[in-house]
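Student: Let me see the structure of the following:
(one chain, ligands or ions: 1)
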Amino acid sequence: MAKFRRIGVLTSGGDAPGMNAAVRAITRKALEQGVEVMGIIGGYSGLIHEKLVPLDAGSVSNIVMQGGTFLYSDRCLEFKTEEGMQKAMATCKKYNIDAIVAVGGDGTFRGATDLSVHGIPTIGVTGTIDNDITATDYSVGFDTAMNTVLDAVDKLRDTCESHARCNVVEVMGRDCGQIALLVGIAAGAMSVCIPEVEYDEAAEIAAIKAAKESGKRSMLVLVSEGVFVTDENGNKVPYGEVLRKKIEAETGIETKFARLAHIVRGGSPSLRDRLAATKMGVKAVELLLEGKSDLVIIEDNSEIKSMNIRFALTVDRMYKKKLKDGDLDAFTAEEIEEMKAICAKRDAYIHHLYDMAKAVRR
Ligand code: ADP
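Tutor: Now for the predicted structure:
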């Protein structure tokens, strides 16, 4: 067992419901193992600017059900520089922080791997509302975010049904359309547009028109924020707004547009998210105390496991078609095959759900 006297915990990047439940689990598990805990305030900037608070069992009382993150979050550019890293290392030394658990998304994990390389064992716990980390089936915050969207979309359906309207709803998800896709199925959407699947605009609008002609009154269309088109001046325009106009023009159905934006990040975490946060947080501490480092905690077929951070980040770039020259050089042929299998699994899952969404609409 690694002899850590004190670990640090931080939340970084975009916040997600369940981050507090994760910090609570990390703190309590470490204390149970006789390890002290410091909360690092405001993500990596708290490490650079020495903003830390000791956490005891009581410090994390009454937060398991709270949205947001009581440790606050930040996007800290300075941490990406060598100077910033040196300041962070000096803080760890000054406050006797032997290891860190970082809760966040892919940017947070890049920071975590940098810390590990510089000698501070660090493990990441996924906290992102849109489930955009390819390496894990599940990320803390996703279920709550989907339920928030579902609640809003159900309300839009009420008014669409009353007035025989269509509502295009844009939801968070830059490279990952899972919120739009899963909520689209659960809300009974007519059409779903996500970055992962080519959108057959003509066929989708024709389906909306045909549904209207067969008597359907409420039409919901879910679009991920990550889908854009380029206008005549070369500017990127969110596709949801463009689609709204086209649906109205081509079907004659009055069509509204709603952007749910940051409302999707808030709220009390669901049971699913509190459980995932607790399981992942506890696993992170267990692995740190076993002497492991530079890992991200993942869920794979309902099992909590871990994966090397660089491997996980590379799988992510592979899936999102963002691999750069040399990205795969550090990996064996076997590892690259493993990455391809993870991407194929996710791809098959998304396409299966997309086909299902179409099969069950009117
Ligand atoms: P998320 O973790 O939600 O993806 P960001 O991408 O904003 O959010 O990353 C959160 C923070 O992680 C950044 O503000 C920065 O401090 C740190 N970070 C991001 N990318 C790197 C990197 N390449 N190297 C070191 N730290 C990074």
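Student: The closest residue to the ligand within the stretch 51-200 of the chain in helix, strand or coil?
Tutor: With C-beta to the nearest ligand atom as the measure, residue 107 is the residue of the stretch 51-200 of the chain nearest to the ligand, at 2.0 Å. Heads up, the C-betas are built off the backbone N, CA and C, glycines and all. With DSSP: H, G, I helix; E, B strand; the rest coil as the basis, residue 107 sits in helix.
Student: so what's the residue nearest the centre of the chain up against?
Tutor: The centroid of the chain falls nearest to residue 128 when counting by C-alpha atoms, centre = their mean (2.4 Å). Residues counted as contacts of residue 128 (C-beta atoms under 8 Å, 6 or more residues apart in numbering) are 13, 14, 16, 104, 105, 106, 139, 140, 141, 142.
Student: ok, now how distant is it from residue 107?
Tutor: To residue 107, residue 128 is 10 Å away according to C-beta to C-beta, to the nearest Å.
Student: So for the two, which residues contact both of them?
Tutor: Here residue 128 and residue 107 have residue 13 as joint contacts, going by C-beta under 8 Å, 6+ apart.
Student: Go ahead and confirm the residue of the stretch 51-200 of the chain closest to the ligand touches residue 43.
Tutor: No - using C-beta atoms under 8 Å, residue 107 is not in contact with residue 43, being 9.6 Å away.
Student: Quickly list what's touching both of those two.
Tutor: Residues touching both residue 107 and residue 43 by C-beta under 8 Å, 6+ apart: 12, 13, 75.
Student: Might you list the low-confidence residue ranges for the stretch 1-150 of the chain?
Tutor: 1-2 (pLDDT under 70).
Student: avg pLDDT for stretch 281-300?
Tutor: The predicted model assigns stretch 281-300 a mean pLDDT of 98.
Student: Mind checking if it is in reach of the ligand?
Tutor: No - using C-beta under 6 Å from any ligand atom, we find that stretch 281-300 stays clear of the ligand, coming within 11.1 Å at best.
Student: Dump the contacts of residue 128 into a markdown table; add secondary structure as well.
Tutor: Below are those laid out as a markdown table (three-state DSSP):
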| residue | secondary structure |
| --- | --- |
| 13 | coil |
| 14 | coil |
| 16 | coil |
| 104 | strand |
| 105 | coil |
| 106 | helix |
| 139 | coil |
| 140 | strand |
| 141 | coil |
| 142 | helix |
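Student: Report the buried members of the residues you listed.
Tutor: Among the contacts of residue 128, those classed as buried by 16 or more other C-beta atoms under 10 Å are 13, 14, 16, 104, 105, 106, 139, 140, 141, 142.
Student: nearest residue to the first one other than its sequence neighbours?
Tutor: By that I understand residue 13. Distances taken as C-beta to C-beta, 6 or more residues apart in numbering place residue 104 nearest to residue 13, at 4.0 Å, with adjacent residues excluded.
Student: Is it correct that residue 310 is in contact with residue 113?
Tutor: Yes - using C-beta under 8 Å, residue 310 is in contact with residue 113, at 6.0 Å.
Student: Of these two, which one has the most company?
Tutor: Using other C-beta atoms under 10 Å as the criterion, residue 310 and residue 113 rank with residue 113 on top: 21 against 18.
Student: list the contacts for residue 76?
Tutor: Residues in contact with residue 76 (C-beta under 8 Å, 6+ apart) are 12, 42, 43, 44, 45, 48, 84.
Student: of all those residues, which comes closest to residue 295?
Tutor: Residue 295 lies nearest to residue 12 out of these, by C-beta to C-beta, at 16.3 Å.
Student: Residue 223: what's it in contact with?
Tutor: With C-beta under 8 Å, 6+ apart, residue 223 has these contacts: 168, 169, 170, 171, 180, 192, 193, 194, 238, 239, 240, 243.
Student: Identify the farthest-apart pair in these.
Tutor: Most distant of the contacts of residue 223, by C-beta to C-beta, are 192 and 238, 15.5 Å apart.
Student: which of those two has more neighbours?
Tutor: Neighbour tally, residue 192 and residue 238, criterion other C-beta under 10 Å: the higher count belongs to residue 192, 26 against 17.
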